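>>> after the sequence you'll find the predicted model.
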Amino acid sequence: MRKSKVWLWVTLIVVLGSFIWMRGLYGTARSIITTKPAPLSKTTLFPAPEYTSYRMDLKIDPINLEVLGYSVITSKNTTGTDLKELWLTTYPNAMRDKATTPAPVSAYYSGFDPGWLTISSVLVNDSAASCHDFGISNRIDLPVPLKEGEDLTLEMKWKAKVPRAAYRYGSKGGVILLGHFYPVLNVKNDQGWHTSSNTQFGDPFYTQSADYMVRLWAPEAYQIAASGEILSIQAEDNGWQSILINASKARDFALAAVYNYQIYNAAVDGVKVAGFFNGRNPSIEQQVLKQAAAVIKYFSCTYGSYARPQLVLVQGPMKGFQGMEYSGLIFLAEEVFSPEYDEQRRAFLVAHEIAHQWWYDMVGNNQLTEPWLDEGLANWSARQYLKTVEHRSVQNQSGKEAINLEQGLTDMDSKSNYLDTAYQGGENFWYQLEDELGEEKVLQVLRRYLADYRFQTATTEDLRRIISRHSQTPLEYFFERWFTSH
């Protein structure tokens, strides 16, 4: 065991001995930020990004692998009708049972270990409300209906258990990956509430952008990577640190707590690029950071400027995914940095995950019902980067047979079906559209797509309308190949 690891455990034991649970945690989030009132939007989509903020106080307990949380979510009822209930996604509960966990068996390095999230108290506009646990979803019954146009303040105390698993929500070897770890307001529109499903593959999420302000307590021995910008780090006198993080117009908020990592930094066109890597293959790690900067520059020039002051890449233990995207933060599996990993595959993966900063973070979609929208476009964008910037040979997929892109995650019977449809089929759609319109016209379509739906959510029908406006000939025959059930 390395000397640094011994010091880590000594620090944690000392800290645990003097640990006063949640000192100053609850009740402080109200003072972090204030929300300025805005004119009521005409949309019936809820929660509307322009009115929604998440203020969270979090404390990471690395001994018990728990996250203690206090959330204050503010928004406005933009549904066009009174609200009698709210629905939340509580994704950690997907890993509560061995029979239903989406993490593969290989992720549980010491046998199955459950993950979960419990909400202990709820206030809605200062009145107590009841919360009902449905696993990956929770329903809050409002004590008084929320009138159309009325402001909402939702306060929750909660605790999340992080499983001992190499996964996007899990921990192994001193690395804690926290993706989709906190309660999130579900989307409601004219079709009703969109609740998540516990699928065995893919990203069963549909989230709106919001402003995040987070106060995080973590042991000083840990390095923290986060969505958004770290505004301040303050050491406390008990071995802990208090970190203030801001993420504006973020699709989600994710964290990683790592120990004894090598941190690399670069900059491109005013954007900071940081890599939190384990330091075992420094030449590959430096190359990944260099590629990340080149990808940001290419996509910014091609589609529109990157939305955030920084992008952080984190190497972590992760089975079932080689990469995972969040707002301003990307997880990359440890194997990606191995010298045996194919170099072009690595470059493609980095470009694909960064493409999600445009086609997921900036332009959102319902990943449960229309997974092709972000995954297929991220694939096509990554190959455009490889062809244009790295001058690699890229095989055109336009000759492939069309596949039914109307399938959602719950319509697919296997991970291979998901990959063939959302990734490969979605990518082939763009290659065949390129054959129809030409590459420059397709790029014009995507620039308009980004401009029209920046920090909003889009549907297949929204994209189809933009494509049709940029086409000089009717494309009904083309769309029928992809969106009529086969």
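Nice, I can see it. All values derive from a computational prediction rather than experimental measurement.
>>> who touches residue 220 in this structure?
Contact partners of residue 220, counting by Cβ atoms under 8 Å, 6 or more residues apart in numbering, are 11, 235, 239-241. In short, each C-beta sits where N, CA and C put it, glycine included.
>>> what's the closest of the residues you listed to residue 394?
Of all the contacts of residue 220, residue 394 sits closest to residue 241, with 44.8 Å by Cβ to Cβ.
>>> and the closest one, bridged to which residues?
As for beta bridges, residue 241 partners with residue 218, residue 235 under DSSP bridges.
>>> so residue 346 makes contact with residue 288?
Yes - contact status for residue 346 versus residue 288: in contact at 7.1 Å, counting by Cβ atoms under 8 Å.
>>> in terms of neighbours, single out the busier of the two.
Neighbour totals were compared for residue 346 and residue 288, and residue 288 leads with 23 against 20 (other Cβ atoms under 10 Å).
>>> looks to me like that one is in a strand.
No - Residue 288 is assigned helix when assessed by DSSP: H, G, I helix; E, B strand; the rest coil, not a strand.
>>> what sits against the closest residue to it other than its chain neighbours?
The spatially closest residue to residue 288, leaving aside those adjacent along the chain, is residue 350, at 6.0 Å (Cβ to Cβ, 6 or more residues apart in numbering). Counting by Cβ under 8 Å, 6+ apart, residue 350 touches 288, 291-292, 295, 313, 323, 332.
>>> distance to residue 459 and pLDDT added to those, as a markdown table?
A markdown table is the format used below for the contacts of residue 350 (distance: Cβ to Cβ, whole Å; pLDDT from 0 to 100):
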| residue | distance to residue 459 | pLDDT |
| --- | --- | --- |
| 288 | 34 | 98 |
| 291 | 32 | 98 |
| 292 | 30 | 98 |
| 295 | 27 | 98 |
| 313 | 30 | 98 |
| 323 | 25 | 97 |
| 332 | 30 | 98 |
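>>> wait, is residue 469 part of a strand?
No - per three-state DSSP, residue 469 lies outside any strand segment and is helix.
>>> what's the burial count for it?
Residue 469, neighbours per other Cβ under 10 Å, totals 10.
>>> hmm, back to that, just the buried members of the contacts of residue 220?
Burial by neighbour count, judged by 16 or more other Cβ atoms under 10 Å, picks out 239-241 from those.
>>> return the member of those residues nearest to residue 395.
Among the buried ones among the contacts of residue 220, residue 241 lies closest to residue 395 (Cβ to Cβ), at 48.4 Å.
>>> in this structure the closest one contacts residue 223, no?
No - Residue 241 lies out of contact with residue 223 (Cβ under 8 Å); the separation is 10.2 Å.
>>> re the thing from before, give me the common contacts of residue 346 and residue 288.
Counting by Cβ under 8 Å, 6+ apart, the residues touching both residue 346 and residue 288 are residue 336.
>>> thought residue 478 was touching residue 435?
No - Residue 478 is not in contact with residue 435 according to Cβ under 8 Å; the separation is 9.6 Å.
>>> so for the two, which sits in the more crowded spot?
Under the criterion of other Cβ under 10 Å, the comparison of residue 478 against residue 435 puts residue 478 first, with 21 against 14.
>>> quick check, that one in a strand?
No - the assignment for residue 478 by three-state DSSP gives helix, which leaves it out of any strand.
>>> how close does it get to residue 407?
Distance, residue 478 to residue 407, by Cβ to Cβ, to the nearest Å: 18 Å.
>>> swap in residue 82?
Taking Cβ to Cβ, one finds residue 82 at 35 Å from residue 407.
>>> mind checking which of these two has more residues around it?
residue 407 (21 against 13).
>>> my read is the more buried one is in a strand, agree?
No - read with three-state DSSP, residue 407 is coil and lies in no strand.
>>> thinking it is in contact with residue 420, fair?
No - applying Cβ under 8 Å, one finds residue 407 not in contact with residue 420, separated by 10.0 Å.
>>> and the contacts of the strand or helix carrying residue 177?
According to DSSP states H and E, residue 177 maps onto strand 175-178. The contact list for strand 175-178 (Cβ under 8 Å, 6+ apart) reads 60, 62, 65, 67, 162, 167-171, 222, 254-259, 314, 316-318, 331.
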